[in-house]
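> Show me the folded form of this:
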Amino acid sequence: NQTARDMAAGVSMLIANGMEAEKAAEQARLLGKFTTATRASMDDAARMMVSFDLLGVSARDMELAFAQAAKAGKLGSFEVRDMAKWFPQLGGYLKSLGVTVHEAAVNMASRLQIAMRTAGSTDEAANNFRNFLTKLTSPDTQRDFERLGIDLQGSMLRAARQGLDPIEAGVGIIMDRIAQRSP
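Next up is the predicted model:
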């Protein structure tokens, strides 16, 4: 249910954002299907697809990643068109923590739903989550924890390799340190 012009614009957006032309052409059907089903803009959906691609979601599994995001949008208050807008910005942070593929899609979708509980808008919720990730992964934070004898980044990456949530592990390390210092 998309026009040829919209589909061409979507594929062009995929290519402009770094996806190989052949791969972009293969993903056109899914892009059209997703934008029709969710009413997301073609530009946002294309950027979301590129972010999934950069997170390591294979072309074969792309539909599952979109379905996971769509389901989270239906179940929560952070809708899929807003996810399409914010996933490209948040994906790099999660990748730096070792969260990739479907875990990244589910992680972003669920954390944005949680962020909506204390935010006035979807943009505020996503910005709050981005700010949290920025602080958690910043060189200053890493240096501060190194001074305390804690390899925060390394601990989060080890947690991700073990299949655990690195954000939860990082917050756990911080809370343990606080409990030791101020029981």
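> where do the helices sit along the protein?
4-16, 21-38, 42-54, 62-75, 80-96, 101-115, 122-137, 139-147, 152-161, 166-181 (DSSP state H).
> and the second one, how far out from the chain's middle?
Yep, that's helix 21-38 we're talking about. 19 Å (CA atoms, centre = their mean, to the nearest Å).
> what's the angle between that helix and helix 62-75?
Counting by axes from the mean of the first three to the mean of the last three CA atoms, to 10 degrees, helix 21-38 points 20 degrees away from the direction of helix 62-75.
> Equivalent analysis for the third one, please.
Interaxial angle, helix 42-54 versus helix 62-75 (the same axes, to 10 degrees): 120 degrees.
> and Phe78, how many neighbours?
The local packing of Phe78 (other CB atoms under 10 Å) involves 27 other residues. Yep, even glycine has a C-beta here, placed from its N, CA and C like the rest.
> list the contacts for it?
72, 109, 112-113, 115-116, 122, 125-126 (CB atoms under 8 Å, 6 or more residues apart in numbering).
> and of these, the nearest to Asn1?
Ala72 (22.9 Å; CB to CB).
> Name the nearest residue to that closest one, ignoring sequence neighbours.
Ala109 (3.5 Å; CB to CB, 6 or more residues apart in numbering).
> Kindly report the same for Lys23.
In space, Lys23 is closest to Ala59, 6.0 Å off (CB to CB, 6+ apart).
> Buried ones in stretch 155-162, by neighbour count?
Using 16 or more other CB atoms under 10 Å as the test for burial, stretch 155-162 gives 155-157, 159-160.
> Please apply the same query to stretch 39-57.
40-42, 44-55, 57.
> which residues does Glu168 contact?
Ala159.
> Next: Leu112.
By CB under 8 Å, 6+ apart, the neighbours of Leu112 are 72, 76, 78, 82-83, 86, 122, 125-126, 129.
> would you list the residues you listed in JSON lines and tack on distance to Arg181 and pLDDT?
Output for these, formatted as JSON lines (distance: CB to CB, whole Å; pLDDT from 0 to 100):
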{"residue": "Ala72", "distance to Arg181": "36", "pLDDT": "91"}
{"residue": "Gly76", "distance to Arg181": "36", "pLDDT": "89"}
{"residue": "Phe78", "distance to Arg181": "35", "pLDDT": "93"}
{"residue": "Asp82", "distance to Arg181": "38", "pLDDT": "91"}
{"residue": "Met83", "distance to Arg181": "37", "pLDDT": "92"}
{"residue": "Trp86", "distance to Arg181": "34", "pLDDT": "93"}
{"residue": "Thr122", "distance to Arg181": "36", "pLDDT": "95"}
{"residue": "Ala125", "distance to Arg181": "31", "pLDDT": "97"}
{"residue": "Ala126", "distance to Arg181": "32", "pLDDT": "97"}
{"residue": "Phe129", "distance to Arg181": "27", "pLDDT": "96"}
